[in-house]
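Enquirer: sequence and predicted structure are below.
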Amino acid sequence: MTTLVLVLGVVLMALCLLLVPLGLPGTWLMLLVPIAGAVVGRVGWGTLALLVGLVAAAEAAEWALVRRISARYGGSGRAFWGAILGGLVGAAIGTPVPVVGTLVAGVLGTFVGAAAAALWETRHAPTAARVGWGAVLGRAASAALKISVGVVVLVVGGAALLG
């Protein structure tokens, strides 16, 4: 493969990393480049398995962090699912406004979804607001974790591709 194609692959991975804070599957999309590299023999299958394992672990950790942190703020299982659904709906609604709309609406949706579920359960607005805030903190922590894993995928996958 030409060097230009390999460098473009690494640049594509870096651009996909920018999708992670928006709540989009940037780390999974990043893996497409090392997968293609493995198919053509530029990336080892062991390296690819390591990267897939890291991304899958980050995905599982994302759910665990949102659940754990929202629970610490009084959220139930329903509030967790409300946060997930609210975040997805919010991100979809915010999509027409590039970048900022998806990010802001996704965070607001996470808050509203968790808070609405907590309000339904407790009938106490301050408790619901606290649960919503906990879900937002969980989402922020999970985004930071996934960005960190994405950087590892970028460095390891890029080095394997260019090496």
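Expert: Sure thing, it's come through.

Enquirer: so what secondary structure elements neighbour the longest helix seen in the chain?
Expert: Longest helix in the chain, counting residues (DSSP state H): helix 125-162. For helix 125-162, the elements it packs on are helix 3-17, helix 26-30, helix 32-39, helix 45-72, helix 77-94, helix 100-122, judged by 3 or more C-beta pairs under 8 Å, 6 or more residues apart in numbering; DSSP states H and E. (Each C-beta comes from the backbone N, C-alpha and C, glycine too.)

Enquirer: got the angle for it vs helix 45-72?
Expert: Computed with axes from the mean of the first three to the mean of the last three C-alpha atoms, to 10 degrees, the direction of helix 125-162 lies at 170 degrees from that of helix 45-72.

Enquirer: which stretch among the helices and strands packed on helix 125-162 comes nearest V155?
Expert: helix 3-17 (9.7 Å; C-beta to C-beta).

Enquirer: pLDDT of that closest one, averaged?
Expert: For helix 3-17, mean pLDDT rounds to 93.

Enquirer: hang on, the earlier thing: next, the angle helix 100-122 makes with the longest helix of the chain.
Expert: Going by the same axes, to 10 degrees, helix 125-162 makes 140 degrees with helix 100-122.

Enquirer: residues of helix 125-162 that come out buried?
Expert: 127-143, 145-147, 149-150, 153-154, 156-158, 160-161 (16 or more other C-beta atoms under 10 Å).

Enquirer: output the below-cut-off pLDDT ranges for this structure.
Expert: Filtered on pLDDT under 70, the chain yields the residue ranges 1.

Enquirer: same thing but at 80, please
Expert: 1, 23, 98-99 (pLDDT under 80).

Enquirer: in this structure V99 contacts L24, no?
Expert: No: if you go by C-beta atoms under 8 Å, V99 and L24 don't touch, sitting 10.7 Å apart.

Enquirer: specify which residue of the two has the higher count of neighbours.
Expert: L24 (16 against 13; other C-beta atoms under 10 Å).

Enquirer: count of residues packed around A49?
Expert: Counted with other C-beta under 10 Å, A49 comes out at 11.

Enquirer: over to T2?
Expert: 7.

Enquirer: kindly report the same for S70.
Expert: Residues near S70, counting by other C-beta under 10 Å, number 30.

Enquirer: now do the residue nearest to G157 when sequence neighbours are not counted against A79, distance only.
Expert: Spatial nearest neighbour of G157, chain neighbours left out: P34 (4.1 Å); criterion: C-beta to C-beta, 6 or more residues apart in numbering. Here P34 is placed at a distance of 36 Å from A79 (C-beta to C-beta, to the nearest Å).
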